[in-house]
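Engineer: got a structure for you, letters missing:
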């Protein structure tokens, strides 16, 4: 049959149809013979997880965590945003039992806002804490306090961190406990703590008392009064700085009242 | 040798696909927020555009031309490129899972992008041979990757620079893209 004699419309339809058919057949064969067998439970576990992809479990997103749970038998209580509800569903689905890890929240261990902790110079660079820190060790007179340029607030997937008056503050009710902000702070001021803890030493300055006093009106001057009140190590002196041991429950109002610089707070 | 150099410089710089021909704008604006994603996209684009050049060249010369239905090239190309990329996606998942992990999510995104279709159509129009067609596809993709990476770098910097509120986000990105396009006009006339 000569091509020139065929109806051009029919020829076109036939040719394109054939091309489509060949492509479709090739795909069908590929899907049949090159298919990668994937455990169906991975998808189901991923559906149970909240899909926040916060990385708080130390896996690259919820899908990766689901894979680790099914294939590598990873611990199932690592999902902070999901909390008890997700853990219950995972237990039911996988037939496992697991203790819930207590929900954690981030806290910024600094109380020196613009009014309380003066700045050494006017920083005009990009609004980023790491950048500010790189300029002569940061513009705050205190070399340990919150710079307030909001690197933690920008990285927070839940929008739980507010910068108010040059100081980052975590809103406990919004924090999903992923820990992304901990890595973002160039001064490592942010810690993950159990939500039930209420007494905090909002200072990380390792300077001696007189130096702290010049830099900030709410800094820890290392007077050791709180450590004597919390004498079971709930608040312990680490050099010139009082540090709360969050593993030990402690709820004594006296420590808050006796702190001469009011850097111990209830929150 | 000279003609090869002309093709490479011409496709990558002078007639840059994104900044001079305005093809492939959607991935250019869409995945230029972070460098790692942009790099993944670049890899996928280079791969897809190079292989699509080869496949569509074969289709044009082997099927469409002999049948005299060259006017169907757009539809036929889209059909073949789409299924070819799917095929590669499946094969890659099977034989090179690591590579699939790096490029996998970008492959379907770029499948029937106008840059990919554009390179195939331009190849046919300019009457390149097989080797030159593949080279042209590769250089065009490298040009795309260059533009995307430069643009991503700029956007990452702009994100930190705190532009006025009315310019934040897409607005400043479009202004930047325009300026970058103006800059690439400096290459015009380098190759006739």
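Structural biologist: Happy to help now that I have it. These numbers come from a predicted model, not from an experiment.
Engineer: kindly report the residues of the stretch 101-250 of chain A close to chain B.
Structural biologist: A:126, A:127, A:128, A:131 (C-beta under 8 Å from any C-beta of the partner chain). The C-beta positions use only the backbone N, C-alpha and C, and glycine is treated the same way.
Engineer: which of those residues are buried, as a PyMOL select command?
Structural biologist: Listed next is the PyMOL selection for buried residues among those, using 16 or more other C-beta atoms under 10 Å in any protein chain shown:
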select buried, chain A and resi 127+128+131
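Engineer: now the residues of the stretch 101-250 of chain A next to chain B as TSV including secondary structure?
Structural biologist: As requested, those are exported to TSV (DSSP: H, G, I helix; E, B strand; the rest coil):
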residue	secondary structure
A:126	coil
A:127	coil
A:128	coil
A:131	helix
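Engineer: closest one of the residues of the stretch 101-250 of chain A next to chain B to chain B?
Structural biologist: When those are ranked by distance to chain B (C-beta to the nearest C-beta), residue A:126 comes first, at 4.3 Å.
Engineer: distance of that closest one from residue A:79?
Structural biologist: Remark: distance between residue A:126 and residue A:79 (C-beta to C-beta, to the nearest Å) = 34 Å.
Engineer: swap in residue A:183?
Structural biologist: Taking C-beta to C-beta, one finds residue A:183 at 18 Å from residue A:79.
Engineer: check which helix or strand residue B:55 maps to.
Structural biologist: Here residue B:55, judged by DSSP states H and E, is contained in helix B:35-59.
Engineer: tell me what that helix is packed against?
Structural biologist: Judged by 3 or more C-beta pairs under 8 Å, 6 or more residues apart in numbering or on different chains; DSSP states H and E, the packing partners of helix B:35-59 are helix B:73-95, helix B:97-103, helix B:107-110, helix B:114-126, helix B:130-161.
Engineer: residue A:237: which of the ones you listed is closest?
Structural biologist: Set against residue A:237 and scored by C-beta to C-beta, these come closest in helix B:130-161, at 39.0 Å.
Engineer: and the angle for the helix or strand that that closest one is followed by with helix B:130-161?
Structural biologist: Counting by DSSP H and E, the next helix or strand C-terminal to helix B:130-161 is helix B:170-184. With axes from the mean of the first three to the mean of the last three C-alpha atoms, to 10 degrees as the basis, helix B:170-184 and helix B:130-161 are set at 130 degrees to each other.
Engineer: give the buried residues for helix B:170-184.
Structural biologist: Those would be B:172, B:173, B:176, B:177, B:180, B:181, B:184, for helix B:170-184 by 16+ other C-beta under 10 Å.
Engineer: Three-state assignment for the closest residue to the last one other than its chain neighbours, please.
Structural biologist: Think residue B:184. Excluding its sequence neighbours, the residue lying closest to residue B:184 (C-beta to C-beta, 6 or more residues apart in numbering or on different chains) is residue B:19, at 4.1 Å. For residue B:19, the assignment made with three-state DSSP gives coil.
Engineer: roughly how far apart are residue B:19 and residue B:34?
Structural biologist: To residue B:34, residue B:19 is 20 Å away according to C-beta to C-beta.
Engineer: ok, those two, which is more surrounded?
Structural biologist: Between residue B:19 and residue B:34, counted using other C-beta atoms under 10 Å in any protein chain shown, residue B:19 has the larger neighbour count: 26 against 13.
Engineer: now chain B against chain A: closest residue?
Structural biologist: Here chain B gets closest to chain A at one residue, residue B:83, 3.6 Å apart by C-beta to the nearest C-beta.
Engineer: can you tell me the element the residue lying closest to that residue once chain neighbours are set aside falls in?
Structural biologist: Leaving aside its chain neighbours, residue B:83 sits nearest to residue A:23 (3.6 Å; criterion: C-beta to C-beta, 6+ apart). Using DSSP H and E, residue A:23 falls within helix A:8-33.
Engineer: packing partners of that helix?
Structural biologist: Short answer (3+ C-beta pairs under 8 Å, 6+ apart): helix A:8-33 packs on helix B:73-95.
Engineer: ok now the helix it packs on, how far from the chain's centre?
Structural biologist: Here the centre of helix B:73-95 is set off from its chain's centre by 16 Å, with C-alpha atoms, centre = their mean, to the nearest Å.
Engineer: got the angle for it vs helix B:114-126?
Structural biologist: 120 degrees.
Engineer: ok, residues contacting helix B:73-95?
Structural biologist: With contact meaning C-beta atoms under 8 Å, 6 or more residues apart in numbering or on different chains, helix B:73-95 is reached by A:15-16, A:19-20, A:23-24, A:26-27, A:30-31, A:34-36, B:47-48, B:51-52, B:55-56, B:59-60, B:63-64, B:99-100, B:103-104, B:107-108, B:110-112, B:116-117, B:120-121, B:124.
Engineer: and the nearest residue to residue A:123 once chain neighbours are set aside, what does it touch?
Structural biologist: Nearest non-adjacent residue to residue A:123, counting by C-beta to C-beta, 6+ apart: residue A:139, 3.9 Å away. Neighbouring residues of residue A:139 by C-beta under 8 Å, 6+ apart: A:119, A:120, A:121, A:122, A:123, A:132, A:147.
Engineer: residue B:20 against residue B:185, yeah?
Structural biologist: Yes: using C-beta atoms under 8 Å as the test, residue B:20 is close enough to residue B:185 to be in contact (7.3 Å).
Engineer: out of the two, which sits in the more crowded spot?
Structural biologist: Neighbour totals were compared for residue B:20 and residue B:185, and residue B:20 leads with 17 against 12 (other C-beta under 10 Å).
Engineer: which residue sits closest to that one, ignoring its sequence neighbours?
Structural biologist: residue B:184 (6.0 Å).
Engineer: and the gap between that neighbour and residue B:144?
Structural biologist: 12 Å.
Engineer: mutual contacts of the two, please.
Structural biologist: Taking C-beta under 8 Å, 6+ apart as the criterion, residue B:184 and residue B:144 both touch residue B:16.
Engineer: what sits against the residue nearest to residue B:67 when sequence neighbours are not counted?
Structural biologist: If the residues on either side of it in the chain are set aside, residue B:67 comes closest to residue A:15, at 5.5 Å by C-beta to C-beta, 6+ apart. By C-beta under 8 Å, 6+ apart, the contact list for residue A:15 reads B:63, B:64, B:67, B:69, B:72, B:76.
Engineer: and if you look at residue B:51?
Structural biologist: B:84, B:88, B:137.
Engineer: re earlier: the residue nearest to residue B:20 contacts residue B:12, correct?
Structural biologist: No: judged on C-beta under 8 Å, residue B:184 makes no contact with residue B:12 at a distance of 10.5 Å.
Engineer: doesn't residue A:242 make contact with residue A:224?
Structural biologist: Yes: between residue A:224 and residue A:242 there is a contact under C-beta under 8 Å: 7.3 Å.
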